[in-house]
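Chemist: let's see this in three dimensions:
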Amino acid sequence: MTIAVTVTADQKSPEPEELRTNLANADAGILVAVLAQLTGDASVVGRYAGKISYTPDPPEQKGSTDPATHTQLVEAVVAAMQNPRPADAVPFDDPELFAAVAPVALGTEVGPEYIALLLEQGGFHASQPVLPRTAKLPTGFKVVIIGAGIAGMAAALECAAAGIDYEIIDRNDEVGGTWYTAVYPGIGVDTPSAYYSLSRDINGGWSSYYPQGPEYQQYLKSVADKYGLRDRTRFSTEVTALRWVADRKVWEVHSSGADGKPDVSYANVVVPAAGYLNRPRWPDLPGRETFAGVSVHSAEWDPELSLRGKKVAIIGAGCTAVQIVDASVDEVEHLTVFQRQPHWVAPRKRLTDDVPEHRRYLNAHVPFYANWNRLKSFWGTADNNYPVIVRDPEWAADHLSISPANDVLLQMCLEYIDRVFGAGSELAKKVTPDFAPYGKRIIRDPGGYYAALARDHVDVEASEPAEVNARGIVTQDGRQIDLDVIIYATGYHLDFLSTVDIEGRDGIKLADVWGDSPAAYRGGLVPGFPNMFISSAPNYSPGHGAGHNFGVEVMVHYVMECLQLMAERGAQTVEVTPEAFEKYVRSIDEAMAQTVWCHTPTAHTYYRSGGGRIVTAFPFRLIEVWQSHRAPNEEDLVVQ
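Modeler: The predicted structure is shown next:
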């Protein structure tokens, strides 16, 4: 039985007994949903839903049932997979059928407003067009996408699906963006892997719930292979400038290849899809250049560098530092962690991050199984988590946390600190932040970070270094720490396209428009810059759940709808009006004022621009962002 869904799966028919063996370990709630979709029979829900119970399997709910019922489900699924789907069965992505099975598979109630979103994010069908497809863009119309990371790849795939000519330009010599360039020890995904993929190409074969960087990079390479993206990509090419040519209504794309020679090409539409955390930030430490040992920034890691038997210091305590410490603590002779500011660290919930073999088997062989696993990961960290970032003024008045929901997370993190370091211990005090969780990006312990800090050969300095000299680092209280290696896990400059000279209508420069407070309308639109959709735009990253891929896919759908609007109107340009831009940005700032990021002033976070505005996360529920980007509001745009 072959059913077209967007999960990449083994198309060979599984051996029945091997299938039964693996189905015996399956999530019972997912089996009910799979059976209903394979048969098109919604009555399956009535027969089985009442027999399914749920236990927490963070961030998900795991469905189980009694042995006899589970055996019935297994046999019914095996039979359904072996027989043709009834010709009169409702489609497997029928919204009513899906609404009936979703609560059983996910283990919670699912509001009707979420059904269309979940069908798309689960990969049960591609993003659904909203505007009529009764016109096409003119011959020769071209989109240039800057960046071959997940955002650029998503934009390219949607252009290809819509029959729009496109080219990707990337400064690296391979796809993947961050996952290609960042190779420090322990680099990994901190969004659940079951969800952190493109909804049009779900990977059910992850070896880990939170895979290491090379495995995720391999996924992105496989997507490029599958869809021939490299054939449409100019690698080792740096885009240096974009100029709007008003009389031709095109963008002039200035670039420089590996040979250093400048090049100029043209595009009707540009989609800058370069991330905003690319340029390493080195701290301004006296004597930094005098160190006689090895100095390395985590973003520029030398794969040949060995830490075995070395005296090492790491400056920073964010996600990168956590992963490096976790990965290298057993190699080093001694490790000193300079924690400039503590982060809230959430414990690993499972005993191991290894994905069980039966789950990988079922993802590969059972239709819809990987899709539901993806949705369970999404749903567990999506809008159910939204209350954690919203301030309750009465609660916040006399609590460190900002709301009861936020306090649940705080207490979990505090319990983890006490469990590892001992309540009231000096080390516990050092690692405890003075702001509410989510004030800066929450960190997931890979499994051994806190334990590493408690090791005899690891010291935690709760301050920045005072200075660096040839031998190592001098602490704030004047102690000399001799070192072989200093690792700077000190983050990145917040670059919203500030490394590209972008000049719009009448010579106006994007850098001047933005200053130190970048902002954008839906689709990454900015007045004065026609036909430019900034993919990694200000306020487009989910702050409370889901993952970067959610913001990317929402954005790309909106871009495709805008391009279709141009086609339907026979237009050459689309641009947001200043009034709509200002109103939209104002709505973001008003909503943001009620979030944790505006009520944790002591938290040092890259979410905040030099001007003080929160510029990375959006303050809305995911469903609100998704719904508001279904189709362009033509009243907000100049289409001509």
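
Chemist: ok but R360 is inside a helix, no?
Modeler: Yes - assignment of R360 by DSSP: H, G, I helix; E, B strand; the rest coil places it within a helix.

Chemist: tally of neighbours for it?
Modeler: As a burial measure, R360 scores 16 neighbours (other CB atoms under 10 Å). From N, CA and C alone the C-beta is placed, and that goes for glycine too.

Chemist: now it, nearest residue through space, not along the chain?
Modeler: Once flanking residues are discounted, R360 sits nearest to G205: 5.6 Å by CB to CB, 6 or more residues apart in numbering.

Chemist: for the one you found, give its distance to P211.
Modeler: Per CB to CB, to the nearest Å, G205 is found 10 Å from P211.

Chemist: residue ranges in the stretch 101-250 of the chain under the pLDDT threshold?
Modeler: Scanning the stretch 101-250 of the chain for pLDDT under 70 picks out nothing.

Chemist: could you pull out the strands for it?
Modeler: Counting by DSSP state E, counting those that start in this stretch, the stretch 101-250 of the chain has strands at residues 142-146, 165-169, 202-203, 233-234, 238-245, 250-256.

Chemist: looking at those, which is buried most?
Modeler: Stretch with highest mean neighbour count among the strands of the stretch 101-250 of the chain: strand 142-146 (a mean of 25; mean count of other CB atoms under 10 Å).

Chemist: what's the angle from that strand to strand 165-169?
Modeler: 20 degrees (axes from the mean of the first three to the mean of the last three CA atoms, to 10 degrees).

Chemist: off-centre distance for strand 142-146?
Modeler: In terms of CA atoms, centre = their mean, to the nearest Å, the centre of strand 142-146 is found 22 Å from the chain centre.

Chemist: now do it: which elements does it pack against?
Modeler: helix 150-161, strand 165-169, strand 262-267, strand 269-272 (3 or more CB pairs under 8 Å, 6 or more residues apart in numbering; DSSP states H and E).

Chemist: what is the orientation angle of it with strand 238-245?
Modeler: Computed by the same axes, to 10 degrees, the angle separating strand 142-146 from strand 238-245 equals 140 degrees.

Chemist: show me what strand 142-146 pairs with in its sheet, parallel or antiparallel.
Modeler: Each strand paired with strand 142-146, and its direction, by DSSP bridges: strand 165-169 (parallel), strand 269-272 (parallel).

Chemist: just the C-alpha atoms of that strand, please, in CSV.
Modeler: Taking Å, rounded to 0.1, in the frame of the first residue of the first chain, the C-alpha atoms of strand 142-146 are listed here in CSV:
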residue,chain,number,x,y,z
LYS,A,142,13.9,35.2,-11.3
VAL,A,143,14.3,34.9,-7.5
VAL,A,144,17.8,35.1,-6.0
ILE,A,145,18.1,33.5,-2.6
ILE,A,146,21.1,34.5,-0.4
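
Chemist: now do it: everything it contacts.
Modeler: For strand 142-146, the external contacting residues (CB atoms under 8 Å, 6 or more residues apart in numbering) are 152, 155-156, 159, 164-170, 239, 251, 253, 265-274, 500, 563.
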